[in-house]
Every structure is written in structure tokens, then in C-alpha cells.
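> Predicted model follows, preceded by the sequence.
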Amino acid sequence: GAVVSQHPSWVICKSGTSVKIECRSLDFQATTMFWYRQFPKQSLMLMATSNEGSKATYEQGVEKDKFLINHASLTLSTLTVTSAHPEDSSFYICSAILAGTGKRYEQYFGPGTRLTVT
Amino acid sequence: AQKVTQAQTEISVVEKEDVTLDCVYETRDTTYYLFWYKQPPSGELVFLIRRNSFDEQNEISGRYSWNFQKSTSSFNFTITASQVVDSAVYFCALGFTGANSKLTFGKGITLSVRP
């Protein structure tokens, strides 16, 4: 149980275009999802916290108008990278917290999406 | 402020050697959770262990063992008789419950196990 999927697993897009990444909790409901970014040979950096039905909370230094997050249901959060540039090329990972258990320390991670902007 | 320090960046060992990965954390909270994750070349994070701040018992799981010492704010991870399949990046992370449930990751340790 507690499986999180991401789609696509990898994507190549041209500079200036937008790309959407989906994060789904397959067998549980998630009131909170997190989006992380990981550059090559670096650690995971939290970009934003996404709560179902409300606006996402972005970490300092993350442009909310560039990285649009929508958490429209208890099983789906999306991250849209708008007007992507080569410096946005990275590995994007989402995680989800099981709703209703009180175990907010327990995050289930998706497999990640590798974005390459040419 | 919360912080996780993994001072070792890269470790290379020969198969069957034991290896210890160090993790030091900082927090003013009394209730917190510590984690270790493995990230193989595929990129997907693999959960290894979670420990809460009130449980200082060491844990052993097969070839893996963890040493949690609050006195030194450390949560070290030892792999006994390492294998090539253990080659990966290992992250230590600090987390909390309640509203502030986000994880703070260390920079990771790249472990290479040579045959």
C-alpha cells in the first residue's frame, strides 16, 4: 500500500514551453503533498507544500508564478513549470502524506520526473 | 532552525567491508523524527528507517544497523559486509509532525562498493 506515482517519468521540452507533472496517490488519500527538486549530485530541496483545496505554500526563493501547483483532489497534485528554461532541468520528486492518520511525519515518495529543457 | 549534516560526501569500499555513514542533526524541538533513505541510480527514494526522538534504541535489520545518540545529535548508519548492490546515494533526513511536517535532508553520501 501507500503507492505514489508520477507522470511522466521523464520529459524533454523546448525552452519557453510549459510542462505539467502529475503526482498521484494510487491507493490512499493525501491531504498534503510535497514537491522537491533535485539537481544532479545534490540533495532534495523542498519547493512547496500542497494542501488539497487550498493554495500551495512555497519555500523561500521558489517562484510561485513559474512553478504552478494545483492540488484539486485528495489523490492528485500537479506541478506546472511555465516558460521552462534550461536551468529548470532537474529531477522533480513528489511525496504524499496519508490523510486521517495523524502521521504527518510519514511521507511516501513518488519515483520522480526527470525534466530536460533544451 | 533545522539542519542535517552529512559530512562525508563520497565513500568507496571494497565488497564485504563494513561502512558507517554519519549523520548529525540540529533542532530545538523535543519531538522529531529521523530518517534514512537510499537513492539508487534510478532515482527513486527507498525508505530505510524512521526513528522518533523518544526511542534511542539501536536497530538492526539484516546487514543494516542504526545508532541513534541524542547526546551527540547523531543518527549513524552502518552497513555490514557491504555488497555492490549497496552502491547508491544515502540521505539522512529530519522531520516533524503537526503543521510543520516537511523533511529537511542532508546533502547525501555517495557510497560506491567495488567488487
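Right, received. Where do you want to start? Numbers count the residues shown, from 1 in each chain, chains lettered A, B, ... in the order given.
> Near chain B, which residues of chain A? Just list them.
A:32, A:34, A:41-46, A:49, A:91, A:93, A:95, A:97, A:102-107, A:109, A:111-112, A:114 (CB under 8 Å from any CB of the partner chain). Placement of C-beta: from N, CA and C, glycine included.
> Could you pick out which of those residues are located in strands?
If you go by DSSP state E, the residues of chain A next to chain B have A:32, A:34, A:45, A:46, A:49, A:91, A:93, A:95, A:97, A:107, A:109, A:114 in strands.
> in the chain, which ranges drop under the pLDDT threshold?
As the question left the chain open, I've gone with chain A. Filtered on pLDDT under 70, chain A yields the residue ranges A:102.
> Oops, wrong one, chain B.
For chain B (pLDDT under 70), the answer is B:99-100.
> which SS state does whichever residue of chain B sits closest to chain A fall under?
The minimum distance from chain B to chain A, using CB to the nearest CB, falls at residue B:101 (3.7 Å). Assigned with DSSP: H, G, I helix; E, B strand; the rest coil, residue B:101 falls in the coil class.
> okay, now the closest residue to it other than its chain neighbours: neighbour count?
Nearest in space to residue B:101, with sequence neighbours left out and distances taken as CB to CB, 6 or more residues apart in numbering or on different chains, is residue A:104 at 3.7 Å. Per other CB atoms under 10 Å in any protein chain shown, the neighbour tally for residue A:104 reads 20.
> quick one, what contacts residue B:39?
B:45, B:46, B:88, B:89, B:90, B:91, B:108 (CB atoms under 8 Å, 6 or more residues apart in numbering or on different chains).
> re earlier: now the residues of chain A next to chain B: which count as buried?
A:32, A:34, A:43-46, A:49, A:91, A:93, A:95, A:97, A:104-107, A:109, A:111-112 (16 or more other CB atoms under 10 Å in any protein chain shown).
> Residue A:85 and residue A:92: what is the separation?
Noted for residue A:85: a distance of 15 Å to residue A:92, by CB to CB, to the nearest Å.
> Surely the residue of chain B closest to chain A is in contact with residue B:94?
No: contact criterion CB atoms under 8 Å: residue B:101 and residue B:94 do not qualify, at 11.4 Å.
> Looking at those two, which is more packed in?
residue B:94 (25 against 18).
> Are we agreed that that one is in a helix?
No: Residue B:94: not assigned to a helix; according to three-state DSSP it is strand.
> which residue packs closest to the spatially most central residue of chain A, ignoring adjacent ones?
For chain A, the residue nearest the mean C-alpha position is residue A:35 (3.5 Å; CA atoms, centre = their mean). The shortest distance from residue A:35 to any non-neighbouring residue, by CB to CB, 6+ apart, is to residue A:47 (4.6 Å).
> Same question for residue A:12.
In space, residue A:12 is closest to residue A:116, 4.7 Å off (CB to CB, 6+ apart).
> Report how many residues lie close to the closest residue to residue B:54 other than its chain neighbours.
Excluding the flanking residues, the one nearest residue B:54 by CB to CB, 6+ apart is residue B:31, at 7.5 Å. Residue B:31 has 12 neighbours, counted by other CB under 10 Å.
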